[in-house]
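Undergrad: Build the 3D model from these lines:
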Amino acid sequence: MHTFTLDDRLRRDTDRIMQLGLCQLRMMRDSRWPWLVLVPQRDAITEVFDLTPLDQAMLTFEQNLVASALKNITGAAKINIGALGNIVSQLHVHIIARFEGDTNWPGPIWGHGEAVPYSVEAKDIFTRKVLEALDT
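TA: Next up is the predicted model:
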């Protein structure tokens with residue numbers, strides 16, 4: 001039986017939206033940017049190249065699916081995608097909608113200021129929009 005353990009920091013900083021084929025789709029608890037995270041359901045994987053070729057293809061597919069959905073629901077000027085892993089080594093991919101004039105535009109978001117939590121209503125609305133966009 002396959003088991004998967006989510007890194008404690010990812011569990012603390014994100015909320016689960018849904019399970020895709022390979023990845024958990026999660027959202028960061030920071031309302032400054034529409035920010036999603038894909039976490040492949042594979043233990044002890046820190047790099048994309050550590051995945052099997054089939055899992056690499058699936059991750060690319062899911063990354064593009066989620067990025068396209070995020071762009072469609074937000075109308076973002078740019079979608080940033082990154083798998084840094086300098087603090088949390090468990091492989092995860094950030095997908096962030098960016099807008100001209102947003103907090104720290106055009107600079108990177110990492111290490112910029114303090115997270116601003118979603119209100120319950122805003123979190124529910126964003127989650128619903130993501131789910132609807134992925135259902136089409």
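Undergrad: C-alpha only now, for contacts and for neighbours.
TA: Noted.
Undergrad: State the distance from Gly75 to Val88.
TA: Distance of Gly75 to Val88, computed by Cα to Cα, to the nearest Å: 29 Å.
Undergrad: cool, Asp13 as well?
TA: Taken as Cα to Cα, the span from Asp13 to Val88 is 11 Å.
Undergrad: Could you grab the helix/strand/coil label for the residue positioned nearest the centre of the chain?
TA: Among the residues of the chain, the one closest to the centroid is Val37, at 1.5 Å (Cα atoms, centre = their mean). Applying DSSP: H, G, I helix; E, B strand; the rest coil to Val37 yields a three-state assignment of strand.
Undergrad: ok, which stretches of the protein are helices?
TA: Assigned by DSSP state H, the helices in the chain fall at 8-13, 53-74, 120-135.
Undergrad: for the shortest one, what is the average pLDDT?
TA: Read that as helix 8-13. Averaging pLDDT along helix 8-13 yields 97.
Undergrad: now do stretch 98-109
TA: 92.
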